[in-house]
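In: need a 3D model of the following:
(2 chains)
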Amino acid sequence: MIKEVKVIYHNGKQYIPDLRNAKLKAPFRGRPEISTAKVNEQALVDICPLGAISSNPVRIDLGKCAFCGECAFAFPEKIKFTQDYKIASNIRENLIVKEGENHPIVFDKSKIREDIKNTFSKSLKLREVSAGGDGSCEVELGACGNANFDMGRYGLEFVASPRHADGIIITGPITENMAEPLQICYDAIPSPKIIILVGVDSISGGVFNGSAALNRSFLDKYKIDLYIPGNPAHPLTVINGLLDLTRESNNK
Amino acid sequence: MIDIQNISRIKNNQSIDLNKITSLSYEDFFDLSIQIFEQDNNHCLNYFAYKISDGLKFIMAIADDQNHSIILLSHFLKSSEKLELRSLSEKVFALHIFEREIYENFGVNFLNHPWLKPVRFAHDRSNKNIQLCDYPFYSIQSEELHEVGVGPIHAGIIEPGHFRFICNGENVLHLEIQLGWQHRGIERLLLEKKNNLQRNLLAENIAGDMAIGHTSTFVQTMEALADKKVAERTQIERVLAIELERIAINTGDIGALCTDAAYHLGANVFAILRTAIINFTQLWCGNRFGKSLIRLSGTNFPFTSELKEELLEMLLRFEKQFNEMAYVTYRLPSIQNRFDFVGTVTNKQAHLIGAVGPTARMTNLRRDIRVSHPNSTYQKFPYETITMKHGDTFSRFMLKKKEIIKSIAWIRNLMDSYPFENHTTEKPNYDLTLQPDELAISINEAWRGEVCHCAITDEKGELKHYKIKDPSLHNWKALELSLRNVEISDFPINNKSYNLSYCGHDL
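Out: Presented below is the predicted three-dimensional model:
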């Protein structure tokens, strides 16, 4: 008993008090900034292994970006990754970062469905489905609830049964073999319900884009309520994204 | 009969001209491989087939732990011949999974195979008439038995897989695991994508919780194919990353096992301790899982002397708190009572199924690539294998702790003996010229066990075949065996104590 108390004492305070304003250190790669410096744009476009960069004007689509940082190493004067981890948005187009426009990723509150604001603003229970996810996004979602990040303080929680869930959170590029189980799980969730995509694989297919083993038709059928980029998405990105979706004010 | 002394052999991380691989008739191949596997220190690393113009070529890679070399054998089946071979699994059971894979991909019928069923329902399988969702599970007709189906979607935040239990009351008679839900077609994509950076990223996504293990093996395979020498410093950094990954995941596993035994203090403290390690990895390369760290020919993130200082400090704090918590946890009667003698796999069974990594070591089967096929870093800084005796959940739980402590000691020794002062690490270089008609093989002991990648080029030096083997391919069988005559409520602690990969298996 005394030994266990000692363990608790030596561990000290572990939780991050302010998840909205916690700081991450470089070389963590969050939202990139693109300067207006002139570079060989074609070479820049070609360097991206996932085709996330397009030219004229230069743009990076965070929904396609694996945050490998190769572009920033090749063109340090053009692209710089900041440590801004608040990169989730409810609008797919807002994940595209443009040349010379260095502002945070915009979360368009006016486009959030009324029933989300009314129903989920104090408590949100989610059923996670890994559909070809490589395990890293899943581990990070698990970490959201641990003693460091403790998203339970906001009433955010992952549940075992779709019957208990308010929505579905999808990781992975959605394999052919998982397409049917995913649909069954979604159908089992009572309405109103939401759909969240976490990680580059689930938002755009990532490095698996174009593989014949995928079946992403589920995404064509429904409106996606939240996109959380990353490879994998950092727990701070996930929690801030969920709060932006469900809370009225930015500071709660 | 061919002499066992004259067969083709290479070392880990080397390549060989395809024409120099010993090619045999199937009868000779059959007899010779049985003769080789009679010796305990030989086990199969990989056995696969690939299409060439006039038929199927089969390659078998066997690890000879005693001579620290890899034996390579091949045989050939003409397309004009019947797709039928006598199964080796009857004599050498560990090969069952490889024969199943070849059966699934090419429709080769292995006669007398104990259970010739699909492995992962790959998108490019030969028989598309059967779907994963309609897979007919093994069943026993009896009024006293019932079946429990779990998955593909599980209660927690984990990857999908289906477990089908046949139970007699609370006792499990039989467990069948059917995977494939995660199949993303990685091996095919590695050939389709011609850009080596894309391939490098694919390797990172084979299994995200073992990103460093798989990516290191990938880069070593490709570098061997291109006959590219990599700076010693880079090689050492890759091994350092592998050992950090081992510490992080094993710590997380210990915490997860505490959760399942309802010991919340342990669950929370070990989860916090894992965070310390992965946050260091983030400080090193910007990603908590080490993605973007391992690159072909070099790295963008050299391990600087500042990082060295930070690492040593972090390990000091980590070790102190880890030891304090482990001292309490491992002596707790409720933990011991929960894990002792539950889900035992014997040494004989582990040998039979070809278990690798910690799954083998917990039954006193000494399989550790770091010792049996050491790369240059482990040759310079040797590692000593740890084994346990009983093969039960507690052995797996204990082995995780011992491997953490050992890896920390190994890293300390490395930090003391190797100067990380100057920043001379090479940058990545993705323009590799691969040797034509060549086969390269690389094996690494990652935290889950032996990762084996094997690549073959055509006459133009383009990748023709890429074969990935995750240790889980062998070890899922161990979980099935663990559950025999165990209460079904013991499934979660057994599953977690192995922590096998779904996506690494499904590819």
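In: domains for the chain, by residue range?
Out: Picked chain A for this. A:32-98, A:109-246 (automatic domain parsing).
In: should've been chain B
Out: B:4-111, B:192-471.
In: of all those domains, which one is nearest chain A?
Out: domain B:192-471 (2.8 Å; Cβ to the nearest Cβ). Placement of C-beta: from N, CA and C, glycine included.
In: return the residues in contact with the closest residue to chain B within the stretch 51-200 of chain A.
Out: Going by Cβ to the nearest Cβ, chain B is nearest to A:Ser136 of the stretch 51-200 of chain A, at 2.8 Å. By Cβ atoms under 8 Å, 6 or more residues apart in numbering or on different chains, the residues touching A:Ser136 are A:199, A:231-232, B:208-209, B:211, B:289, B:291.
In: mind putting these in a markdown table, neighbour count included?
Out: Shown next, in a markdown table, are those (neighbours: other Cβ atoms under 10 Å in any protein chain shown):
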| residue | neighbour count |
| --- | --- |
| A:Gly199 | 31 |
| A:Asn231 | 27 |
| A:Pro232 | 31 |
| B:Gly208 | 29 |
| B:Asp209 | 23 |
| B:Ala211 | 28 |
| B:Phe289 | 27 |
| B:Lys291 | 24 |
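In: which single one of the residues you listed is nearest to A:Thr246?
Out: Nearest to A:Thr246 out of those is A:Gly199 (Cβ to Cβ; 20.0 Å).
In: so which helix or strand takes in the residue lying closest to the closest one once chain neighbours are set aside?
Out: Spatial nearest neighbour of A:Gly199, chain neighbours left out: A:Cys137 (4.1 Å); criterion: Cβ to Cβ, 6 or more residues apart in numbering or on different chains. Using DSSP states H and E, A:Cys137 sits in helix A:136-143.
In: gap between the nearest residue to A:Lys122 once chain neighbours are set aside and A:Ile169?
Out: Nearest residue to A:Lys122, sequence neighbours excluded (Cβ to Cβ, 6+ apart): A:Gly155, at 5.6 Å. Applying Cβ to Cβ, to the nearest Å, the value for A:Gly155 to A:Ile169 is 15 Å.
In: strands of the stretch 301-450 of chain B, start to end?
Out: If DSSP state E, counting those that start in this stretch is used as the criterion, the strands of the stretch 301-450 of chain B fall at B:438-446, B:449-457.
In: okay, the ones you listed in TSV with mean pLDDT, mean neighbour count and distance to B:Gln321 next?
Out: Converted to TSV, the strands of the stretch 301-450 of chain B look like this (pLDDT from 0 to 100; neighbours: other Cβ atoms under 10 Å in any protein chain shown; distance: least, Cβ to Cβ, whole Å):
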stretch	mean pLDDT	mean neighbour count	distance to B:Gln321
strand B:438-446	94	26	25
strand B:449-457	95	26	27
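In: reformat those strands as a markdown table; add distance to A:Ala143.
Out: Below are the strands of the stretch 301-450 of chain B laid out as a markdown table (distance: least, Cβ to Cβ, whole Å):
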| stretch | distance to A:Ala143 |
| --- | --- |
| strand B:438-446 | 21 |
| strand B:449-457 | 24 |
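In: would a markdown table of these with distance to chain A be doable?
Out: Shown next, in a markdown table, are the strands of the stretch 301-450 of chain B (distance: least, Cβ to the nearest Cβ, whole Å):
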| stretch | distance to chain A |
| --- | --- |
| strand B:438-446 | 13 |
| strand B:449-457 | 14 |
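In: in the stretch 51-200 of chain A, which spans are helices?
Out: A:70-74, A:114-120, A:136-143, A:176-188, A:200-204 (DSSP state H, counting those that start in this stretch).
In: give me the contacts around the longest one.
Out: If I follow you right, that is helix A:176-188. Under Cβ under 8 Å, 6+ apart, the answer for helix A:176-188 is A:127, A:129-132, A:162-163, A:168, A:170, A:172, A:174, A:193, A:195, A:213-215, A:217-218, A:222, B:121, B:123, B:132-133, B:152-153, B:160, B:180-183.
In: any idea how far the residue nearest to B:Arg412 when sequence neighbours are not counted lies from B:Leu273?
Out: Spatial nearest neighbour of B:Arg412, excluding adjacent residues (Cβ to Cβ, 6+ apart): B:Leu315 at 7.1 Å. B:Leu315 sits 11 Å away from B:Leu273, going by Cβ to Cβ.
In: and if you look at B:His113?
Out: B:His113 is 45 Å from B:Leu273, by Cβ to Cβ.
In: what's around B:Leu352, how many residues?
Out: Residues lying near B:Leu352 (other Cβ atoms under 10 Å in any protein chain shown) number 16.
In: what's near enough to touch it?
Out: So B:Leu352 contacts B:93-94 (Cβ under 8 Å, 6+ apart).
In: then B:Cys452?
Out: B:45-46, B:61, B:217, B:441-443, B:468-469.
In: what about the most far-flung residue of chain B relative to its centre, which helix or strand?
Out: Distance from the C-alpha centroid of chain B peaks at B:Glu143, with 39.8 Å (Cα atoms, centre = their mean). For B:Glu143, there is no enclosing helix or strand under DSSP H and E.
In: per-residue confidence for it?
Out: According to the prediction, B:Glu143 has pLDDT 90.
In: which strands and helices sit next to the helix or strand harbouring B:Glu27?
Out: Using DSSP H and E, B:Glu27 falls within helix B:26-37. Contact analysis of helix B:26-37 by 3 or more Cβ pairs under 8 Å, 6 or more residues apart in numbering or on different chains; DSSP states H and E lists strand B:42-52, strand B:55-64, strand B:69-78, strand B:84-86 as its packing neighbours.
In: what parts of the stretch 251-400 of chain B come near chain A?
Out: B:252, B:265, B:268-269, B:271-272, B:275, B:282-289, B:291-292, B:300-301, B:320-321, B:324-325, B:327-328 (Cβ under 8 Å from any Cβ of the partner chain).
In: and the stretch 51-200 of chain B, which residues reach chain A?
Out: So the stretch 51-200 of chain B meets chain A at B:121-124, B:132-133, B:152-153, B:155-160, B:180-186, B:188-189, B:192, B:195, B:197-198, B:200 (Cβ under 8 Å from any Cβ).
In: count the residues that sit near residue 238.
Out: No chain specified, so I'll use chain A. 28.
In: wrong one, chain B
Out: Neighbour count of B:Arg238, defined by other Cβ under 10 Å: 24.
In: just confirm it contacts B:Ser216, I think it does.
Out: Yes - assessed by Cβ atoms under 8 Å, B:Arg238 is found in contact with B:Ser216 at 4.8 Å.
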